[in-house]
Structure formats: structure tokens, C-alpha cells
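Trainee: Let's see this in three dimensions:
(chains A and B)
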Amino acid sequence: MAAVTENDGVMRAADGTPLKQALARATRMNKIRAFLLTTPLLAFILVTFILPIGLMLFRSVSAPEVVEAFPKTIAILKEWDGEDLPGEETYAMLATEMSDRDNRFNLGKAGTRLNYIESGFRSLMNLTVRRIKRAEEPPYKDAFIKIDERWGQVDTWKTIQLAGDPYTIRAYLNALDLTQAPSGEIVAQPEIKQIYVTLFLRTIWVSLGVTAACILLAYPISYLLATLPAGTANLLMIFVLLPFWTSLLVRTTSWIVLLQTNGVINDILVWIGIVGDEDRIQMIYNMTGTFIAMTHILLPFMVLPLYSVMKTIPKDHMRAARSLGANPAIAFARIYMPQTVPGVGAGSILVFILAIGYYITPALVGGQDGQLISNIIEYHMKKSLNWSLAAALGGILLAGVLALYWLYNRIVGINNMKLG
Amino acid sequence: MRAVKPSSLLIAGLAAIGLTTAAHAADTITVVSWGGAYTNSQVKAYHEPWMAQTGNKINSEDYNGGLAEIRAQVEAGNVTWDLVDVELADAVRGCDEGILEPLPLDELPAGADGTPAKDDFISGTLHECAVGEIVWSTVYAYDKSKVSGSPMTIADFFDTKKFPGKRGLRKTAKVNLEWALMADGVPAGEVYAMLATPEGVDRAFKKLDTIKNDVVWWEAGAQPPQLLADGEVVMTSAYNGRLFNAIAKEGKPFEIVWDAQVWDIDLWVMPKGTKNKAVAWEFVKYSTDTQRLADQAKYISYGPVRKSSFAKVQKDMQPHMPTAPANFKNPLQNDFGFWADYGDELNERFNAWLAG
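Mentor: Below is the predicted model:
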């Protein structure tokens, strides 16, 4: 033993410091060095991944526009009981804040925010802002109601009062097909507006379906790749990798060429005589198109982990099982298959998580019933500019993926996942 | 995110180390438009002569419309687009929200005949933050070789019994709801008033229901002529200029039906905080003068927004313009105010209707 033992029973190094301390000092340098080596990656992830996601999630609950445009009116409305129309001073304050030139762009943003809650608010705001400047004389209440009768309705003011809260869960309610009535009660959206829950469920079903299809298709080919002689296997591998290396967009548009009504596949079917020229099969711009194209594009993500796991399974296992009396089917089911579970698990979770966020392919070949939730998120990001709603939808999707990951860990165990 | 173009890097680098020999360094501005035949007409009529004349460079980019990229750039404080070609509803909304630069409209050059700019531009085509360029139309066209008989009205588009086959429509509520009402017998002048009522909206969706299963939805302007050419649809809505391009330049057997055309304008806007404001404004002034607007009509059948440009448009192009008297029957002007108000709600319902 290198340490000197003193009578207090503590192990000490040669210089008399306790061994524990000396050891800690020696490893501290290593720990610091290890940490320093990871800092570039840590900073990169923080700046490009955690921070944007955090900001986006913050957007889903933040709604500061109305209170920024009308701070004083909102302050007065806080005291308002919501029973009768607010008093003259509220109208006067709103008129003052609407006439403030420096406030101009805030007014536009507030109008947009209010319009999310109640359609028509944007023009009500614009109209009122234009006209109220001319009505310099009190009483403002009459002037407002003269501009538009909606200013004489309690619900209009309740909407402003509601929107005056800088934080709101409205976007999340909206994303779950719920809404908040002016009274504050949470109710279901009218049926004609319900869409998001349907799309979330559809996205999950499609992703599960694509994952299942990938397992069915990838299992035999991976088995073949893993058992064939190296030369043939490499040749086959090229067929898996070539599409993998091809641009997603190219592959999706190729499917359009193949599947469309006057496309290659329909032409062949008509030529063989399976279908008539008049009733060609609609294989694209619907769910079928989305499903086929997504399965094809995600297949390599299943083949590669499966192949790398199967490659490591010794051939002797099967031979041993056979020699001990198992028939080929039993040997395969009880000896070979259990050993491929980590590969199936890894492939499934890769394919499933990629599928759940897919949007280019459904956008191009999905048509009306092949759209997934990410297409709606894209719509709210790019077209309607309702970023709060887009963020809320994204937040729910993120939570869903994390929940599934947790479930997967509970059932299969993340330690059992093997990518190679 | 847009990658920095090597050429602009090179120019920046050269300027930085003082190697430029010209009296003033050439400026590069990024001009964003809708791509395809339309951008091409702008490049030919505006970009190329301007670059030749001033020595400045133009970076031409494509997008699919909407304000999302502009808002993102302005909010991030990193504006890389200098000029964007937008629809009127977006110009108004962007100006209201303060993400567009207000423009000094009185600096616009007078028309070739001396009319001051504010009188020369068609009414409604100049806006605090935007300068109009073209009048364009959403119309529908059919493939003569695939449709027996000749559809004449918007009602024929919705009549799949008389004219069987798939239809193409843009995947948005705009234009489709208006057309549905007009096909159901509502006069153009009453369309928006009716759409502002719940009954009117129900009526429009009920009409759309009748063709829902026969529709292929498109998103980018280049798609509908392609869908028609592929035989994927027998008739489709499209922008009139794109159809002109397919018919006149590519010789496709398409026929345009002008009934119930929904016309709109496209305008230049400048995202707030662009670093090249002065140069971009010079380009706007140049590209919207009488001659340039007339020149653009050589390459695509969109009408100029300046009155003084009409006379200079080539005679053989005039019958293809949306505003030509023979075509301008039963037209409907897109009501940007209506869409700014009800767009969110109607699009939401439209999306739900599509997915249901």
C-alpha cells in the first residue's frame, strides 16, 4: 500500500494529504479538460438549438402587443367589472393612445393580435384609429359608437380586457381545438373549425404506419445484406444508399412522375389491361401518395441500423439451435429475432420521429387528405403569420415526441437501442 | 437562412481592401419575387437594363409570397432582402405592423406624357409603403384537347357533370370562396358583402363541397400550367400571365376563361431596416417608370399600373391583358381589406374543411 496509515484511520498520500483529496485533485484537471473540450459543442447546441426552441416556446404564451399599444387603457380596464360599458374615461384614454403618432406600429400589431381572438378587429382598429383623431371633442364614448356600433358592445371591451394580459394560453387552447369565450369560459371550437386534434392523431397514425411498413420492408433486405457474401452485399448496399444520398426533393418529385394519373405506373397498368384508360387509379395528391413516398424516403433509416445489428449476430447461433433440434422457423423466431430487437428499436424510433415532423413530402404529394400537422405549422409560420399558434402546435408536438420517447424507454429500454 | 453569395462576398472583400478602381463601388441589392416566367419578365424588363446602366448588381431570389420571411428578418435585425414583390393585402398588413419602410412616393418620376406620378398610377396602386407594378388576374383555363365543349362561365368550372375531369385550385380560401359564390349565382358586386356573413360563408363552402373530391390543390404559381400539361387536371385556376406563357411561348392547347376573373395588383415593398435603402429606392423609381412597365408587358401578359404605359404596350400583347375590354367582363377586384380582416378565420375554416 502506497499510503501511510496514521492513527486517525484516514488514508493519506506520501505528502500527508488525505488520499481522497489527492485523488480528487488529480482527477479535477481531467474533468476540467474534458469539460473544456465539450464547451464548443455545448455553446453550439445552446445557441442553435436550445435557445431558438426556448424562444419559440416563449412565443406560444407571450402576447404583449395589446398592452404595449394601450398600457393605460388596459390599466383602467383592470378595474372594470365587465357588466356595463366602461365609462367615458376609458374611451378618452383609448382615444388618446390611438392618436399618439409614436404608437402607430404598436397599433397595427395590437390589431393583428386582437384579430386572432375576434375576426374583424383589425379593420375595426384601423377604422377607429383613422377617424378618432378627427373627433377631438369629448364625449369620446359617443364618438366611438358613432364610428362603429361594436364599440357599444360589452363583448368588444371584454375581448380587449382579455387580450390585455401579456401572457396567455389561448394559443394552446386553439391548438387543442378549444377556445376562450369573452366570459373567460373554456369551450370547444365550433365543429367546422376543429382541425388540429384530427391532424395530430392522423400524424401519429401515419408515422406508426410508415414505421411498420419500413420494418416489414427493411427486415428481409437487411437479413439478406448481412448474410450474403461481401461482394454481392456491397452491390445491394449501393441500392439502399443511392436513394439515401439523393435529395429529398428529387425523390419526392420522382414519385409524382411515377404515381400521377398519366404517370409511369398508371400507364403500365393501362397497357397491361389491369385498369381501363378511363378509370386510372388516383395514387397521388392523397394519403396513398404521402404514405408511399414517406416509406420510401425513410426506408434507409431502418435498413442501416438493422443491418449493422444483424451483421454482428454470429452465424453459429442458428447452427447451434438447428443442431439441438429446432426447426428453421423456431430457430429464427427464438434465437435470431430476439437478437435483432435493438436494431428494430433503433430503426423504429429514428423513422417514427423523422416521420412525425415530415412536411415537404406531404406538402408536395399529400393533396387534401394527406396533410400532416407539420404542414399546418408551416402554414401558420409562413402564411397566416400566427406565430403563437405555430409555436403552440410545435410545443405540443415536441411534448408528444418526448412522451413517446419516455414510453419507449419504459417498455423497450433506451439501453437496448443500438445504432451499430 | 440564405447563404451569402460568393459574388457578394468577393465584392465586399474587394471593397474592404480598397482594390475597387471605379469611382464608387458597385452596389448589390437583393430583389425577391415569385419566380418562373414572372421573375423572368422582371429580369428582362427591369434588372438587366438597370444593371447595364448603373453598373450595380441585382441578386434575384424567389419566394412563395407572404410576409413570414420579411417579418423574421426584421425581427431578427438581419435584413438581407432589399425589395420584395408582394400582393396588396400583404403590403397593407406589413405596413400596419411596421415591418416595411414608408416610401417617399412624391419622388416617383412623372409619366412619359408629363402626368405627375400620383395621377399616372391607377388609383389604389400606390400605398404608403408600396409602389405598384402590375395588374394580374386569377382566371381558369382548360385543356382543349381533353374537354369536349367549351366552358364559358365560372359556373362551368364547378359543373363536373357537363365537363367531367379533375380541377386545379390554389390551396387557400382566397379566390375559391369568391368563385364558389359567383358560380352559385351571386353577382360580383355582392360577393364580399355576402362573404362577411356566416350564411354567405356556408353557402360558399357548400358550393365548394360539390367539387371537393375532384380537386388537385396547388401552391406555387408554376404548378397549375404543369398540372394541366401533365393531364393531371382538365381545368385549373392559375395566374393569367403563367397561362399566357404556356399558351403563347410553349404552344400548349389551353384556353383561358376570363369570366369572373379576380384581379389584384403586385407591388414593391422594402423590409424595414434594409442596408441598401437608397439604391433599392433608385431601382424602384427606375423599374416603375412608364417605359419599364410597358416593357415588362412584352414578356408576360400582366397589365402595367401606369396609365401612360398602356399606349406603349405592344399591340399584339393587348388582347392578352386582364384589363383588355374583351376580357374585363364580370371581373372582381380582390378586396384586401376584407382579407386582412377575415383571412385568418376563413383560412382556418378552409384548412379544417380540407382536412375533414
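
Trainee: pLDDT weak spots in the stretch 51-200 of chain A?
Mentor: Counting by pLDDT under 70, the stretch 51-200 of chain A shows low-confidence ranges at A:135-136.

Trainee: wait, chain B
Mentor: B:1-25.

Trainee: try it again with 50
Mentor: B:1-7, B:9-23 (pLDDT under 50).

Trainee: near chain A, which residues of it?
Mentor: Selection of chain B residues close to chain A by Cβ under 8 Å from any Cβ of the partner chain yields B:64, B:66-69, B:71, B:93, B:95-98, B:166, B:172, B:212, B:215-217, B:219, B:230-232, B:337, B:340-345, B:347-349, B:351-356. C-beta coordinates here come from the backbone N, C-alpha and C atoms, glycine included.

Trainee: and these, which are buried?
Mentor: Among the residues of chain B next to chain A, the ones that count as buried by 16 or more other Cβ atoms under 10 Å in any protein chain shown are B:66-69, B:71, B:93, B:95-98, B:166, B:172, B:215-217, B:231-232, B:340-345, B:347-349, B:351-355.

Trainee: So which of those are in helices?
Mentor: Among these, the members found in helices (DSSP state H) are B:68-69, B:71, B:93, B:95-96, B:340-345, B:347-349, B:351-355.

Trainee: Next, count neighbours for residue 196.
Mentor: Picked chain A for this. 25 (other Cβ atoms under 10 Å in any protein chain shown).

Trainee: my bad, chain B
Mentor: 15.

Trainee: got a list of what it touches?
Mentor: Residues near B:Ala196 by Cβ atoms under 8 Å, 6 or more residues apart in numbering or on different chains: B:Phe338, B:Tyr342.

Trainee: for A:Tyr167, same thing?
Mentor: A:Val61, A:Ser62, A:Ala63.

Trainee: out of the residues you listed, who's nearest A:Leu225?
Mentor: A:Val61 (48.5 Å; Cβ to Cβ).

Trainee: ok, residues contacting stretch A:151-163?
Mentor: Outside stretch A:151-163, the residues that reach it (Cβ under 8 Å, 6+ apart) are A:63, A:66, A:70, A:73-74, A:77-78, A:80, A:82-86, A:90-91, A:110, A:113-114, A:117-118, A:121, A:124, A:128, A:144-145, A:150, A:168, A:180, A:182-184.

Trainee: Buried members of those residues into PyMOL, please.
Mentor: Here the buried members of the contacts of stretch A:151-163 are turned into a PyMOL selection, burial being counted by 16+ other Cβ under 10 Å:
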select buried, chain A and resi 63+66+70+73+74+77+80+85+86+90+91+110+113+114+117+118+121+124+128+144+145+150+168+180+182
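
Trainee: So which of the contacts of stretch A:151-163 would count as near chain B as well?
Mentor: A:Phe121.

Trainee: Hmm, A:Ile284 is touching A:Ser254, no?
Mentor: No. Contact status for A:Ile284 versus A:Ser254: not in contact, 11.5 Å apart, counting by Cβ atoms under 8 Å.

Trainee: The contacts of A:Tyr167 in helices, which ones?
Mentor: Using DSSP H, those in helices are A:Val61.

Trainee: From the contacts of A:Tyr167, pick the one nearest chain B.
Mentor: Each of the contacts of A:Tyr167 was checked against chain B using Cβ to the nearest Cβ; the closest is A:Ser62, at 13.0 Å.

Trainee: What's opposite the closest one in the beta bridge?
Mentor: A:Tyr167 (DSSP bridges).

Trainee: A:Pro166 is in contact with that one, correct?
Mentor: Yes. With contact defined as Cβ under 8 Å, A:Ser62 counts as touching A:Pro166 (6.8 Å).

Trainee: The residue in the stretch 1-150 of chain A that chain B sits nearest to: what secondary structure?
Mentor: Residue nearest to chain B within the stretch 1-150 of chain A: A:Phe105 (2.8 Å; Cβ to the nearest Cβ). Secondary structure assignment for A:Phe105 (DSSP: H, G, I helix; E, B strand; the rest coil): helix.

Trainee: Any idea how far stretch A:214-233 is from the middle of the chain?
Mentor: 32 Å (Cα atoms, centre = their mean, to the nearest Å).

Trainee: So which of the contacts of stretch A:151-163 are in helices?
Mentor: A:66, A:73-74, A:77-78, A:90-91, A:110, A:113-114, A:117, A:121, A:124, A:128, A:144-145.

Trainee: which residue sits closest to the residue of the stretch 151-300 of chain B found nearest chain A, ignoring its sequence neighbours?
Mentor: Proximity of the stretch 151-300 of chain B to chain A (Cβ to the nearest Cβ) peaks at B:Gly231, 4.2 Å away. Excluding the flanking residues, the one nearest B:Gly231 by Cβ to Cβ, 6 or more residues apart in numbering or on different chains is A:Asn262, at 4.2 Å.
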